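*Asks:* show me the folded form of this:
(3 chains)
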Amino acid sequence: MSVQTKTLSVRTRGKGTYEVTGEVEEFLRSTGLREGLLTVFCRHTSCSLVIMENADPSARRDLEDWFERNVPEDDPAFTHTLEGADDMPSHIRMALTRSSEVIPFTDGRLALGTWQGIMLFEHRRAPHTRSLVVSAMSE
Amino acid sequence: MSVQTKTLSVRTRGKGTYEVTGEVEEFLRSTGLREGLLTVFCRHTSCSLVIMENADPSARRDLEDWFERNVPEDDPAFTHTLEGADDMPSHIRMALTRSSEVIPFTDGRLALGTWQGIMLFEHRRAPHTRSLVVSAMSE
Amino acid sequence: MSVQTKTLSVRTRGKGTYEVTGEVEEFLRSTGLREGLLTVFCRHTSCSLVIMENADPSARRDLEDWFERNVPEDDPAFTHTLEGADDMPSHIRMALTRSSEVIPFTDGRLALGTWQGIMLFEHRRAPHTRSLVVSAMSE
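*Replies:* Presented below is the predicted three-dimensional model:
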């Protein structure tokens, strides 16, 4: 078996979904592996992963807005507020989405559906540099 | 290492959970692999995966109804509505559940708990043919 | 390839998050593997996994309280109530978080971020002994 791993840096400019499919596919191509499994791991608790519709921007915007309304910053029940009003909602939004994904690949291409894109979901207001660890393994 | 992969087709007849544990176990048996890891990947953004209680149908129904009430079709904030009122809720329900799972197997059997079933969670009203990619890998 | 697997038992004392990062890392050390992927699988439908901030206890408490308020026990719409008021909310909270995670490791250490801890999220009131299956695989 071969396992190859790389850390991708993603610069975010505040809350929102940032598609990383291109970077992940570029990593996969660089490994030269043809058949196997690729994993993505998000090394943070205030941003997360989600595999989302990447054709129509309104779908992503509605998803982001849904979390704004349903895990709101101004929830008076939060006590973990030292780092700001966006701190605690970011952890909950992360818990409701994903920290890791595993995606098969065939012929050197990810088996994503036609409209699936891999997104880093940033939950903090301030810009951040985020780390995703991608691994590809094959026979 | 050996990696074997297959695409399972699942026909859905509208919203709801569709258990696929049998099909996944049949695939695992067909590989002849005994010890390793099995992954399931859902190639869609309007249906998803969840590993759910499969003994009492009322548990699944309550789960489905919870999503109907808590991610409702008639949310006036949605703008991504071209494909119908069930389009945007389907993406959010997908994001709140899972696109991929990884399950160990031993002696050729999945290490699922007694009441765990692998479910395709269909979020659209219309019937669809859905693709799940299953992979089994072993030493 | 080498795959090594172990079942970890976790005793819970009612609802809450129970950090298992130490037990998972101890398993990884015991395998002697240096580079690869570790998976965690939760064999239950009334508890789940989440990778959460493990520095400030108030973050975990706010997360737990959010689920208490947003997937409440006294939802009159629930019908699956034979095992008690905490039964159905436990399945929904499980579906909203995770059953499996995959985490890379390098130099024999998990590639977790600085404040990431692996948590078993217990959703039932009564004490339980829970099973997590951990697997490490390497070239």
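*Asks:* A:V3 is in what secondary structure piece?
*Replies:* Counting by DSSP states H and E, the element that carries A:V3 is strand A:2-12.
*Asks:* what about the next helix or strand after that strand, distance to the chain center?
*Replies:* Scanning forward in sequence from strand A:2-12 by DSSP H and E, the next helix or strand is strand A:16-19. Mean-position distance between strand A:16-19 and its chain equals 8 Å (Cα atoms, centre = their mean, to the nearest Å).
*Asks:* ok, back up a step: near chain C at all, the strand holding A:V3?
*Replies:* Yes: for a cut-off given as Cβ under 8 Å from any Cβ of the partner chain, strand A:2-12 has contacts with chain C, namely A:S2, A:V3, A:T5. For the C-beta atoms, the positions are set from N, CA and C on the backbone; glycine is no exception.
*Asks:* and those residues, which of them are buried?
*Replies:* A:V3, A:T5 (16 or more other Cβ atoms under 10 Å in any protein chain shown).
*Asks:* near chain B at all, the strand holding A:V3?
*Replies:* No: judged by Cβ under 8 Å from any Cβ, strand A:2-12 and chain B are separated, with a smallest distance of 8.6 Å.
*Asks:* one more: stretch A:13-23?
*Replies:* No: Stretch A:13-23 lies out of reach of chain B by Cβ under 8 Å from any Cβ, never closer than 9.8 Å.
*Asks:* CA atoms only: put that stretch into PDB for me.
*Replies:* The C-alpha coordinates for stretch A:13-23 follow below in PDB (Å, rounded to 0.1, in the frame of the first residue of the first chain):
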ATOM      1  CA  ARG A  13     -11.800  36.100   4.500                       C
ATOM      2  CA  GLY A  14     -14.600  35.700   7.100                       C
ATOM      3  CA  LYS A  15     -17.600  33.400   7.300                       C
ATOM      4  CA  GLY A  16     -18.600  31.400   4.300                       C
ATOM      5  CA  THR A  17     -17.900  28.300   2.300                       C
ATOM      6  CA  TYR A  18     -14.600  28.100   0.300                       C
ATOM      7  CA  GLU A  19     -14.400  25.400  -2.300                       C
ATOM      8  CA  VAL A  20     -11.200  23.400  -2.200                       C
ATOM      9  CA  THR A  21     -12.000  20.700  -4.800                       C
ATOM     10  CA  GLY A  22      -9.400  22.000  -7.200                       C
ATOM     11  CA  GLU A  23      -6.600  21.900  -4.600                       C
END
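*Asks:* could you give the separation of that stretch from the chain centroid?
*Replies:* Distance, centroid of stretch A:13-23 to centroid of chain: 7 Å (Cα atoms, centre = their mean).
*Asks:* now what about it, what contacts it?
*Replies:* Contact with stretch A:13-23 is made by A:8, A:10, A:12, A:50, A:52, A:54, A:60, A:63-64, A:68, A:86, A:110, A:112, A:117-127, A:132, as judged by Cβ atoms under 8 Å, 6 or more residues apart in numbering or on different chains.
*Asks:* packing partners of the helix ranked longest in chain A?
*Replies:* Longest helix in chain A by number of residues, with DSSP state H as the criterion: helix A:57-70. Here helix A:57-70 touches strand A:16-19, strand A:47-53, helix A:87-96, helix B:87-96, going by 3 or more Cβ pairs under 8 Å, 6 or more residues apart in numbering or on different chains; DSSP states H and E.
*Asks:* can I get the third one as CSV, trimmed to CA atoms?
*Replies:* Backbone C-alpha positions of helix A:87-96 (Å, rounded to 0.1, in the frame of the first residue of the first chain) are rendered in CSV as follows:
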residue,chain,number,x,y,z
ASP,A,87,-16.9,31.9,18.9
MET,A,88,-19.5,29.6,20.3
PRO,A,89,-21.7,29.4,17.2
SER,A,90,-18.6,28.4,15.2
HIS,A,91,-18.1,25.3,17.4
ILE,A,92,-21.8,24.3,17.1
ARG,A,93,-21.8,24.8,13.3
MET,A,94,-18.7,22.7,13.1
ALA,A,95,-20.3,19.9,15.2
LEU,A,96,-23.3,20.0,13.0
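*Asks:* so does it get close to chain C?
*Replies:* Yes: interface with chain C: helix A:87-96 contributes A:M88, A:H91, A:I92, A:A95, A:L96 (Cβ under 8 Å from any Cβ).
*Asks:* any chance of those in CSV, plus distance to C:L37?
*Replies:* Below are the residues of helix A:87-96 next to chain C laid out as CSV (distance: Cβ to Cβ, whole Å):
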residue, distance to C:L37
A:M88, 31
A:H91, 25
A:I92, 27
A:A95, 22
A:L96, 24
